[in-house]
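**Student:** would you be able to build a 3D model of this:
(4 chains)
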Number of protein chains: 2
Amino acid sequence: MNIKELHYFQRLFQEISFTKTAKFFHVSQPTITAAVQRLEKELDTQLVIRDQSHKNLIFTDSGKQFEKHVEQILQEIETAKLEITAIKKEKVRLGLPPIIGSYYFPSLSSLLVKHDLLSRLETHEDGSKLLLNKLITGQLDLALLGSVQRIENEQLSGHMLSRKKFKIIVSRTHPLSQKRSVAFKDLLSEPFIQLNERFIHSIAFQQLSRQTHTKPAIIYRTNDLQIIKGMVANNVGISFLTEMAILPQDPVVALALSDDLQPEFLIQLVYRSNHLLTSVQQKIVDLMTTNDF
Amino acid sequence: MNIKELHYFQRLFQEISFTKTAKFFHVSQPTITAAVQRLEKELDTQLVIRDQSHKNLIFTDSGKQFEKHVEQILQEIETAKLEITAIKKEKVRLGLPPIIGSYYFPSLSSLLVKHDLLSRLETHEDGSKLLLNKLITGQLDLALLGSVQRIENEQLSGHMLSRKKFKIIVSRTHPLSQKRSVAFKDLLSEPFIQLNERFIHSIAFQQLSRQTHTKPAIIYRTNDLQIIKGMVANNVGISFLTEMAILPQDPVVALALSDDLQPEFLIQLVYRSNHLLTSVQQKIVDLMTTNDF
DNA sequence: CTGTAGTCATAAAATTTATTAATATGAGGC
DNA sequence: GCCTCATATTAATAAATTTTATGACTACAG
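**Tutor:** The predicted structure follows:
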């Protein structure tokens, strides 16, 4: 069994045509026939039923099942190649969602500079979902992920780096701005300006809504924090953000939530469980997990 | 890249010797040298540092990382072969832990007989942990698993079939036998006879202990239900079992637990997510999930 | 009904790739 | 300096893959 045969087979599964598969790989048609026959011989089973009153190939149960595995195997090879390329370049590919990139990573980066590691880093900003996918497919070595729940995935290992609170943001002239804290259920009649669904803020918000049986109106959604802060400052509405994303110079007031069970913004350092950390990667992981910032 | 090379490489990683690896596969030593060189050329990286003041081979970071992937790939191929063998034999390999095999499966099997499916089944009795492992490595197609928590695993799909209660078992002459139900914390001074750690009963028991801050003494552990029932009948102690495992003819009395939050014995039908169900397997799954017994 | 185009299988030849036997290199031990 | 052990190199050979040429079968148009 060799990888080329697996590629042929996978393509055949998609094309349902020996001829087209052969054309795709710029080889002759009997090459595909022979390759599939070799696979069938090695696995001692029929994978494809040919001709059947002509016009359509049919894959047997074995063939369909085998294709699933082939996909997995080729994916694994792809992952291996990507990782090796990164090792050769001596670059560590770190994934970051935008908020962590803007508000958490900077303090971390000064630490990295001190240890001459920042130059080794290649940061990739993306949404959390995509980052997870890229980790699993070997497109990233490490990722800093924000989530409401601890990441539990057989394929991934994680370290908890930090837990941030969610806060309610109001303008300086808003009646609530005089208070220190507020209960979520008291915000029922407030119009909210929120980060959109791609941010875990919306999950945390939903969770609070459910818990407190309170569903405040969300009058506007955006993925731009500056817009949210601007709208809040102008009393268009109030918002719900991680404390991390609020800077002292922002023209808004942050109130703590007084609810008992409140969601937290968890920042975790994550990598594939069967990713072997190179010495540089290990240094970065150590630095992140042993320091507090 | 072909599979043989990957086998050679994996063995080299274990043996740390080209010569020994060659002997293992009954090939000449240059065969291994050449195979590794081909891999290095294809991946365009050095995998092994040879000779280094002689005596020891060293694998580079790329080499170590690659070996992890090779392991995964070869595992996947093994899984594929096992599954295809099972498909050819037209047998469905169903895993069962002992209690489910003895007390749940029989009622299911009469249903299977009715649809002429029992003959297609090949049951494998084993502990839950081993069953999970066998599912993932393709040694089983389906498994009925008992657990306290829903199975959450990226690689597995599951259907909840049944939820059974845990009960307290006492002899017919025991003072408690007059009661209908009992709170766990009132059992503090009772000596328990328990199934051993391989059964989820011990997890459920621990959970109840923790919840109620009550730690009754366990005076004997065994994996044999008959022994437990016998000892309970003779007033050696009381026990904690799923209702499922208690038959009307057993010389014991089963009491419900009156606690609010009590663990349940969940019976789930589980299979690998990327396992394609054959038509027979699909029939069995449908039968199990649409009937109640 | 016949001719044509399309699909896949087979066989033999051509080509590429993998393996071997023989030998070289290089280090450590004596 | 010589022997041993481990891996690399090389040329020859064996094995595998691919190609070319061809045949069988079917669908479809005329």
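
**Student:** mind naming the longest strand for chain A?
**Tutor:** Longest strand in chain A by number of residues, with DSSP state E as the criterion: strand A:156-171.

**Student:** helices or strands up against it?
**Tutor:** Counting contacts by 3 or more CB pairs under 8 Å, 6 or more residues apart in numbering or on different chains; DSSP states H and E, strand A:156-171 is packed against helix A:128-136, helix A:200-212, helix A:225-233, strand A:238-242, strand A:252-257, strand A:264-272, helix A:279-290. To be clear about C-beta, it is placed using only N, CA and C from the backbone, and glycine gets the same treatment.

**Student:** any chance of those in a markdown table, with mean pLDDT, mean neighbour count and distance to A:Val48 too?
**Tutor:** Formatted as a markdown table, these follow (pLDDT from 0 to 100; neighbours: other CB atoms under 10 Å in any protein chain shown; distance: least, CB to CB, whole Å):
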| stretch | mean pLDDT | mean neighbour count | distance to A:Val48 |
| --- | --- | --- | --- |
| helix A:128-136 | 92 | 18 | 30 |
| helix A:200-212 | 92 | 18 | 45 |
| helix A:225-233 | 93 | 18 | 54 |
| strand A:238-242 | 95 | 26 | 54 |
| strand A:252-257 | 94 | 19 | 60 |
| strand A:264-272 | 95 | 20 | 34 |
| helix A:279-290 | 93 | 15 | 43 |
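
**Student:** any chance of these in JSON lines with distance to B:Leu156 as columns?
**Tutor:** What follows is the helices and strands packed on strand A:156-171, written out as JSON lines (distance: least, CB to CB, whole Å):
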{"stretch": "helix A:128-136", "distance to B:Leu156": "16"}
{"stretch": "helix A:200-212", "distance to B:Leu156": "24"}
{"stretch": "helix A:225-233", "distance to B:Leu156": "39"}
{"stretch": "strand A:238-242", "distance to B:Leu156": "33"}
{"stretch": "strand A:252-257", "distance to B:Leu156": "37"}
{"stretch": "strand A:264-272", "distance to B:Leu156": "19"}
{"stretch": "helix A:279-290", "distance to B:Leu156": "29"}
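
**Student:** tell me what A:Val92 is bridged to.
**Tutor:** When assigned by DSSP bridges, A:Val92 has beta-bridge partners A:Leu121.

**Student:** again, but for the one 4 residues further on
**Tutor:** Using DSSP bridges, the beta-bridge partners of A:Leu96 come out as A:Glu125.

**Student:** that one touches A:Glu122, doesn't it?
**Tutor:** No - look at A:Leu96 against A:Glu122 with CB atoms under 8 Å: they stay out of range, at 11.1 Å.

**Student:** is any part of the longest helix anywhere in chain A close to chain B?
**Tutor:** Longest helix in chain A, counting residues (DSSP state H): helix A:61-89. Yes - Helix A:61-89 is in contact with chain B by CB under 8 Å from any CB of the partner chain, via A:61-62, A:64-66, A:68-70, A:72-73, A:76-77, A:79-81, A:83-84, A:87-88.

**Student:** how about A:Leu47: what's its closest non-neighbour residue?
**Tutor:** Setting aside the residues directly before and after it, A:Leu47 is nearest to A:Gly63 in space (CB to CB, 6 or more residues apart in numbering or on different chains), at 3.7 Å.

**Student:** sorry, slip of the keys, the one I care about is A:Glu83.
**Tutor:** A:Gly138 (4.9 Å).

**Student:** which ones are touching that neighbour?
**Tutor:** Counting by CB atoms under 8 Å, 6 or more residues apart in numbering or on different chains, A:Gly138 touches A:78-83, A:272.

**Student:** now chain A against chain B: closest residue?
**Tutor:** Per CB to the nearest CB, A:Asn2 is where chain A lies closest to chain B, at 3.4 Å.

**Student:** please report phi then psi for that residue.
**Tutor:** Per-residue torsions, A:Asn2: phi -130, psi 170 (degrees, to the nearest 10).

**Student:** repeat that for A:Asp44.
**Tutor:** The phi/psi pair for A:Asp44 (degrees, to the nearest 10) is phi 50, psi 50.

**Student:** quick check, pLDDT for the nearest residue to it once chain neighbours are set aside.
**Tutor:** Of all residues not flanking A:Asp44 in the chain, B:Lys88 sits nearest, at 7.5 Å (CB to CB, 6+ apart). pLDDT for B:Lys88: 93.

**Student:** quick one: the residue of chain A closest to chain B and B:Asn2 touch, right?
**Tutor:** Yes - counting by CB under 8 Å, A:Asn2 does reach B:Asn2; the two are 3.4 Å apart.

**Student:** contacting residues around the residue nearest to A:Asp44?
**Tutor:** When contacts are counted by CB under 8 Å, 6+ apart, B:Lys88 touches A:44-45, A:62.

**Student:** tell me which of those residues is nearest to B:Leu39?
**Tutor:** Of all the contacts of B:Lys88, A:Asp44 has the smallest distance to B:Leu39: 27.6 Å, by CB to CB.

**Student:** where does the stretch 101-250 of chain A get nearest to DNA strand C, which residue?
**Tutor:** Residue nearest to DNA strand C within the stretch 101-250 of chain A: A:Gly138 (23.9 Å; CB to the nearest atom of the strand).

**Student:** so that residue: helix, strand or coil?
**Tutor:** Under DSSP: H, G, I helix; E, B strand; the rest coil, the three-state class of A:Gly138 is coil.

**Student:** what about the closest residue to DNA strand D within the stretch 151-293 of chain A, how many residues nearby?
**Tutor:** Closest contact between the stretch 151-293 of chain A and DNA strand D, by CB to the nearest atom of the strand, is at A:Leu276 (21.7 Å). By the criterion of other CB atoms under 10 Å in any protein chain shown, A:Leu276 has 19 neighbours.

**Student:** just A:Glu243 next, same as before
**Tutor:** When neighbours are counted by other CB under 10 Å, A:Glu243 registers 14.

**Student:** cool, and A:Gln262?
**Tutor:** If we define neighbours as other CB under 10 Å, then A:Gln262 has 16 of them.

**Student:** contacts only, for A:Lys283.
**Tutor:** A:Lys283 makes contact with A:115, A:117 under the criterion CB under 8 Å, 6+ apart.

**Student:** scratch that, A:Val270 is what I was asking about
**Tutor:** Contact analysis of A:Val270 by CB under 8 Å, 6+ apart lists A:132, A:135, A:142-145, A:151, A:156-159.

**Student:** now it, nearest residue through space, not along the chain?
**Tutor:** A:Gly158 (4.5 Å).

**Student:** now A:Thr214
**Tutor:** Nearest residue to A:Thr214, sequence neighbours excluded (CB to CB, 6+ apart): A:Lys185, at 4.5 Å.
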